[in-house]
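Asker: return a 3D structure for these sequence lines:
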Amino acid sequence: MWLEQKIRKETGCATYLVGSFETKECAVFDPLWDIEPYLELAKSYSSKIRYVIDSHSHADHVSGARRLAHVTSGELVLPELADTNYPSTRVKGKDKLSLGEVELEVLHTPGHRPEQICLLISDKSRGSSPCCMFTADFLLVGDVGRPDLVGKGHDGASTIFKKSLPQLEKLPDFLEIYPGHVMGST
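Answerer: The predicted structure follows:
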């Protein structure tokens, strides 16, 4: 398995690529508008972009997911609850996507946004437990994502603490966390 992080310095938005050495395929998680870095990285690993995944509707950057999926013929993957009207594969908690030895398991982690998902990443060539987690805007370094961006009818803070955070208790202590922001406000 290989893993790369890309950061947009102006906003601190982090995005990730994870790929399989076995199948020469990769997934892009929360791509930014400029898709060239993803194309270059995939090429550097001789990989085809198979999945293009958005964790939620982004308020802090314009997603490049649809563009990247179109250019690469990759499968556009969105949370089941995403409010969109364009074609995509929808995923919910416990769904799994496979890239050879790499398994991506979906966790539904509402609070920042009702549709928010994270990905548990496992490298099956090394063991059955997940080794890392892409947390998007749910879990940050020392904090959780802002729950106040949705508006009326959504108690994001309560949802984070009652539904999303308790899921972390079941995960291994050695799990590496890769947040959707490395600085700045979410």
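
Asker: show me what contacts the residue nearest to the spatial centre of the chain?
Answerer: Note on the chain: the residue nearest the mean C-alpha position is residue 29, at 4.2 Å, using CA atoms, centre = their mean. Listed by CB atoms under 8 Å, 6 or more residues apart in numbering, the contact partners of residue 29 are 15, 16, 17, 18, 53, 55, 119, 134, 136. C-beta coordinates here come from the backbone N, C-alpha and C atoms, glycine included.

Asker: of those residues, which is the most crowded?
Answerer: Top of the contacts of residue 29 by neighbour number is residue 136, holding 31 neighbours under the definition other CB atoms under 10 Å.

Asker: can you list phi and psi of the closest residue to it other than its chain neighbours for me?
Answerer: Using CB to CB, 6 or more residues apart in numbering and skipping residues adjacent in sequence, the residue nearest residue 136 is residue 55, 3.5 Å away. The phi and psi values for residue 55, taken as degrees, to the nearest 10, are phi -80, psi -30.

Asker: surely residue 74 and residue 42 touch.
Answerer: No: the criterion here is CB atoms under 8 Å, and residue 74 misses it with residue 42 at 9.5 Å.

Asker: okay, and the common contacts of the two?
Answerer: Contacts common to residue 74 and residue 42, judged by CB under 8 Å, 6+ apart, are 48, 49.

Asker: tell me the SS of residue 41?
Answerer: Following DSSP: H, G, I helix; E, B strand; the rest coil, the label given to residue 41 is helix.

Asker: re the thing from before, run through the residues that contact the residue nearest to residue 136.
Answerer: Contacts of residue 55 by CB under 8 Å, 6+ apart are 29, 30, 79, 116, 117, 118, 119, 134, 136, 137, 138, 180.

Asker: ok, now residue 112?
Answerer: By CB under 8 Å, 6+ apart, the contact set of residue 112 is 56, 136, 137, 138, 144, 145, 146, 147, 149, 156, 160, 186.

Asker: can you tell me which of the residues you listed are buried?
Answerer: Among those, those classed as buried by 16 or more other CB atoms under 10 Å are 56, 136, 137, 138, 144, 145, 146, 147, 156, 160, 186.
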